[in-house]
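1. need coordinates for the following:
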Amino acid sequence: MPFTKVLIANRGAIACRVIRTLRRLGLKSVAVYSDADKHSLHVQQADEAVHVGAAPAAQSYLDAEKIIAAAKSTGAQAIHPGYGFLSENPGFADACAAAGLVFIGPTGDQMRMFGLKHAAREIAQKHDVPLLPGSALLSDEEHARAEAERIGCPVMLKSTAGGGGIGMSLIRKPADLSAAFAAVGRLAKNNFKEGGLFLENSSSTRATSRCRFSVTHAATSSRLASATARCSAATRR
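-> Numbers count the residues shown, from 1 in each chain. Sure, this is the predicted structure:
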């Protein structure tokens, strides 16, 4: 094991789950907490806990310098970000590496490569990963219309940045495209620094046809067939 103590740069149930796993692995845990969380369960369960600031996340859980300082002061050799907060911040991953700490997650370069959906699609295509038919970044509405015709409706219009479903619109027929393009474009610009849009086919049958399964064990095959039947039945309801 390359390290013996891990700081969890998160709180609540997320941190508790990491702490339990670290304990099973025989590793020590360090919790961080804000003023609002000093009595939280993750603080009580961890082997050590460090106060990192006021209640607002920007002054505590999102303060990369305080998180790294807490790791260094406790002798933690690694930081687990959980999800949310700093988990998808490439600058934080870089800062951990520069401080000699293991960031338990992708590197900063990997986050930057996959941070934009259209770029992630391009990388996947280069490595022959099965993908739904889609487009590159769209230059304007006419480009979007031509790509939608090429791909075939229904298509999903998406922002290349962000997540959580913000800036996504299902286009069932070409007539829906114009209003959706304007609306999704506004959402992308208002919520994310990157306002680019792209299209992706949203037909579940086409997605399924591009998947390939290799089942070598009869029991596994039986379970897969049963699960597939249940899914198909649920879809028809």
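2. Ala175 should be in a helix, yeah?
-> Yes. According to DSSP: H, G, I helix; E, B strand; the rest coil, Ala175 belongs to a helix.
3. domain map for this structure?
-> As assigned by automatic domain parsing, the chain contains the domains 5-112, 116-202, 207-236.
4. now those domains in TSV, with mean neighbour count?
-> Quick note: C-beta positions are derived from backbone N, CA and C, even for glycine. Listed next are those as TSV, based on neighbours: other CB atoms under 10 Å:
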stretch	mean neighbour count
domain 5-112	18
domain 116-202	16
domain 207-236	10
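5. mean pLDDT added to those, as TSV?
-> Output for the domains of the chain, formatted as TSV (pLDDT from 0 to 100):
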stretch	mean pLDDT
domain 5-112	96
domain 116-202	87
domain 207-236	40
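6. what about the helices in the chain?
-> Shown for the chain, the helices assigned by DSSP state H span residues 12-24, 41-45, 64-74, 90-98, 108-114, 117-126, 141-151, 177-191, 204-209, 218-236.
7. rebuild those helices as TSV, extending it with distance to Thr160.
-> As requested, these are exported to TSV (distance: least, CB to CB, whole Å):
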stretch	distance to Thr160
helix 12-24	27
helix 41-45	34
helix 64-74	25
helix 90-98	16
helix 108-114	11
helix 117-126	5
helix 141-151	13
helix 177-191	8
helix 204-209	20
helix 218-236	29
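8. of all these, which one is nearest Ser159?
-> helix 177-191 (3.8 Å; CB to CB).
9. ok, residues contacting the closest one?
-> Residues from elsewhere that reach helix 177-191 (CB atoms under 8 Å, 6 or more residues apart in numbering): 141, 144-145, 148, 157-162, 166-169, 171, 194-197.
10. from these, which land in strands?
-> Secondary structure from DSSP state E places Leu157, Lys158, Ser159, Met168, Ser169, Ile171, Leu197 of these in strands.
11. give the closest residue to the first one in space, chain neighbours not counted.
-> Yep, that's Leu157 we're talking about. Nearest non-adjacent residue to Leu157, counting by CB to CB, 6 or more residues apart in numbering: Ser169, 4.7 Å away.
12. cool, and the fourth one?
-> For Met168, the nearest residue in space outside its immediate sequence neighbours is Lys158; the separation is 5.2 Å by CB to CB, 6+ apart.
13. would you confirm that that neighbour contacts Ile166?
-> No. In this structure, Lys158 is not within contact of Ile166 by CB atoms under 8 Å, at 9.8 Å.
14. what sits against the residue nearest to Met168?
-> Contacts of Lys158 (CB under 8 Å, 6+ apart): Lys117, Gly167, Met168, Val184, Leu197, Phe198, Leu199, Glu200.
15. of the helices of the chain, which is nearest Val30?
-> Per CB to CB, nearest to Val30 of the helices of the chain: helix 64-74, 4.8 Å.
16. mind checking how far that closest one is from the chain centre?
-> 24 Å (CA atoms, centre = their mean, to the nearest Å).
17. what sits up against it?
-> Counting by CB under 8 Å, 6+ apart, 5, 7, 9, 30, 32, 48, 50, 52-53, 60-61, 76, 78-79, 86, 89, 91-92, 95-96, 99, 101 sit against helix 64-74.
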